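Engineer: Below are the sequence and a predicted model for it; my questions follow.
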Amino acid sequence: MLLVLGLALGAVSVVLALTWPGFRVRRIEVSGQRVVTRDDVRAAAAISPEANLWLLDARATARRIEAIPYVRDVSVRRVPPAELDIAITERSPYAILVDGTTRVLVDRDLRVLGEGNAALALPRMEVPHASIGAVGSFVDDATVVALRGDAETLAAAHLPARDLALDAYGSLTATIAGGVRVLLGDDENLAKKISLIEPILAKFSRGARHVAIVDLRAPSAPVVTFGTR
């Protein structure tokens, strides 16, 4: 009898928890935003005024918020009796993809964040004919993925590129500090080719001479072209 009574009281408690108006979401706190606004997050969350805190599908709410291009991660936490805390982690701009007159801003995961501003101090990747989708989509074009890898190899050697491009034959050209163009050819022995850049610049960048182009497509026989300062 006591067991039955206990079960009945438990069922009543559950019903009250699911129907009590005091558990309707009345406050939505948002944190972690810089570019995205709190209103953007709340709108994407699409929480009904009648939503019960305990019946709310937190995963579905997070997925809706993650559809915002700049949002990388979302945490949704219930705070009884009627508050929902949403913490987001934003994506950081990584590079500008350029296809003719079209410029888009992407993060490290190659998610399209929006239109690319040429004034931003970010690497430019020339990607003619690449498959680039709408804002919020992810770029999986092989050329773009390859350029990202090349950019990171250069950065790891403390030679961050301002501009990178792959021609139709997969030959890489990078522009580094000082406006020096480096012709690197294909990705074979790329790290070895890159390791030659600084010694060449140190040797030849003297006086009135200015290294304009370093051709490392044949790393055993580098070719240096000079320009005027």
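Structural biologist: Received, thanks.
Engineer: Okay, domains of the protein per the record?
Structural biologist: Here the domain parsing of the chain from automatic domain parsing is 19-90, 93-228.
Engineer: Helix or strand with the lowest mean pLDDT in this structure?
Structural biologist: Lowest by mean pLDDT, DSSP states H and E among the helices and strands of the chain is helix 2-19, with a mean of 51.
Engineer: least reliable of the domains of the chain going by mean pLDDT?
Structural biologist: Among these, domain 93-228 has the lowest mean pLDDT, at a mean of 91.
Engineer: Asp140 contacts Asp109, doesn't it?
Structural biologist: No. Counting by Cβ atoms under 8 Å, Asp140 does not reach Asp109; the two are 10.4 Å apart. Bear in mind the C-beta positions are built from the backbone N, C-alpha and C, glycine included.
Engineer: distance of the residue nearest to Asp215 when sequence neighbours are not counted from Ala168?
Structural biologist: Leaving out its chain neighbours, the residue that sits closest to Asp215 by Cβ to Cβ, 6 or more residues apart in numbering is Val223, at 4.0 Å. As judged by Cβ to Cβ, to the nearest Å, Val223 and Ala168 stand 22 Å apart.
Engineer: which of the two has more neighbours?
Structural biologist: When neighbours are counted by other Cβ atoms under 10 Å, Val223 and Ala168 differ, and Val223 comes out ahead with 11 against 8.
Engineer: Please tell me how far that one sits from Gly170.
Structural biologist: From Val223 to Gly170 the distance is 20 Å (Cβ to Cβ).
Engineer: which residues of the protein fall in strands?
Structural biologist: In the chain, the segments counted as strands under DSSP state E are 27-31, 71-79, 83-90, 93-99, 102-107, 112-115, 124-126, 163-166, 172-175, 181-185, 209-215, 223-228.
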